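Asks: here is the input, now give the coordinates:
(one chain, ligands or ions: 1)
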Amino acid sequence: MKLGGNRALITGADSGIGQAIAVAFAEAGADVAIVYHTDADGAAETRRRVEAAGRRAHVMQGDVGDPASVEAFFAQALDRLGPLDLLVNNAGIGSGGAEVAELKDEDLERVLRVNLMGPVFCCRAFVRLRRQHGGRGRIVTISSVAQHLPTPSSAPYGMAKAGLGSLTRSLSRELAEDKINVNNIAPGLIQTPMTQGRLDDPDKRRQSMERIPWHRAGQPEEIARLALFLASEAGDYVTGQTWTIDGGLSMQWGGA
Ligand code: NAD
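Replies: Purely as a prediction, here's the structure:
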């Protein structure tokens, strides 16, 4: 699967799944605009790996939850790399572990702003840009298996991720005439800095491995391969879908 000459903007490309997608896209021939929030060293490492694959990289600090910041990093990417063809909405944060009855307004607002409104702000900027450049393009969003499952003590996270499934369906219709595909990936437990604490704790690890029919965590590169398919010509006839990739985690009903 090739992305020859395409230009991709990837949010949260300094770490975990976003970094793996940036490297996979570069190896497939894309230039990459790397958006990071706080981890400048992680972004520099992504840049190094994109350039080692022989592609151009441009690193930008930004906050997906702030529409002014989103406008600024899209303008910068256009200026430095040229018109973007691909958008990956990957940036996200976990929610604090409080039940709804104990939820603080600011925690609810923060999780919805970064995980749900952020991708909306990025899609809006991307679509306006694509329409100025003749349409076409692809959007891949990273939600979570949490979009299908109950998430007690993390309701805002599940709510935001479920919203991304809906956003994907609506946008796929709005953008069909522009020939912009919109797809959503719902990963299960993937080994990244977000989940390392759980995987390093022997009890939590055992609990997770018992629940996952594949009995292992996924690797960021496994998500990146699916993102590459959806971003490439090979995925051209696919739009509006959520692709779950979870080692069977969401297939538990009826189990032992
Ligand atoms: P990670 O912590 O390594 O990466 C999160 C990324 O989000 C970081 O690169 C960070 O820079 C970025 N980010 C956070 N807040 C931001 C903001 N306000 N503006 C811009 N960027 C911001 O974790 P990860 O596991 O690689 O997570 C990537 C995505 O995958 C997230 O959306 C996460 O919800 C989703 N996901 C992860 C798992 C998993 O098991 N790791 C499972 C399902 C879904």
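Asks: got the end-to-end distance for stretch 27-46?
Replies: Start-to-end span of stretch 27-46 (C-alpha to C-alpha, to the nearest Å) is 12 Å.
Asks: which parts of that stretch are buried?
Replies: 27-37, 39, 42-43, 45-46 (16 or more other C-beta atoms under 10 Å). Quick note: C-beta positions are derived from backbone N, CA and C, even for glycine.
Asks: most widely separated two among those residues?
Replies: Maximum pairwise distance among the buried residues of stretch 27-46 (C-beta to C-beta): 27.0 Å, between Gly29 and His37.
Asks: what about the strand ranked longest in the chain, near the ligand?
Replies: Taking DSSP state E as the criterion, the chain has its longest strand at strand 180-187. Yes - shown here: strand 180-187 in contact with the ligand (C-beta under 6 Å from any ligand atom) through Pro187.
Asks: wait, Lys104 touches Ala98, no?
Replies: Yes - contact criterion C-beta atoms under 8 Å: Lys104 and Ala98 qualify, at 7.1 Å.
Asks: with neighbour numbers in mind, choose between the two.
Replies: Using other C-beta atoms under 10 Å as the criterion, Lys104 and Ala98 rank with Ala98 on top: 15 against 10.
Asks: against the ligand, how distant is the more buried one?
Replies: 17 Å (C-beta to the nearest ligand atom, to the nearest Å).
Asks: my guess is that residue contacts Glu106, does it?
Replies: No - Ala98 lies out of contact with Glu106 (C-beta under 8 Å); the separation is 11.4 Å.
Asks: ok, now which ones touch Leu84?
Replies: Residues counted as contacts of Leu84 (C-beta atoms under 8 Å, 6 or more residues apart in numbering) are Arg7, Ala8, Leu9, Ala33, Phe74, Ala77, Leu78, Phe126, Leu129, Arg130, Gly137.
Asks: let's see it at 7 Å
Replies: Arg7, Ala8, Leu9, Ala33, Ala77, Leu78, Phe126, Leu129 (C-beta atoms under 7 Å, 6 or more residues apart in numbering).
Asks: contact partners for the fourth one?
Replies: Going back to what we said before, that points to Ala33. Contacts of Ala33 by C-beta under 7 Å, 6+ apart are Ala8, Leu9, His58, Met60, Ala77, Leu81, Leu84.
Asks: repeat for the first one
Replies: Counting by C-beta under 7 Å, 6+ apart, Arg7 makes contact with Ala30, Asp31, Leu81, Gly82, Pro83, Leu84, Asp85.
Asks: is it fair to say Met60 lies in a strand?
Replies: Yes - under DSSP: H, G, I helix; E, B strand; the rest coil, Met60 falls within a strand.
Asks: show me what from the chain comes close to the ligand.
Replies: Counting by C-beta under 6 Å from any ligand atom, the chain sits next to the ligand at 11-12, 14-18, 35-37, 39, 62-65, 90-93, 114, 142, 144, 187, 189-190, 192-195.
Asks: how many neighbouring residues does the residue of the stretch 51-200 of the chain found nearest the ligand have?
Replies: Taking C-beta to the nearest ligand atom, the ligand has its nearest neighbour within the stretch 51-200 of the chain at Gly92, 2.2 Å off. By other C-beta under 10 Å, 26 other residues sit near Gly92.
Asks: doesn't it fall inside a helix?
Replies: No - Gly92 sits outside any helix when classified using three-state DSSP, being coil.
Asks: for Thr151, which non-adjacent residue is spatially closest?
Replies: Gly158 (3.4 Å; C-beta to C-beta, 6 or more residues apart in numbering).
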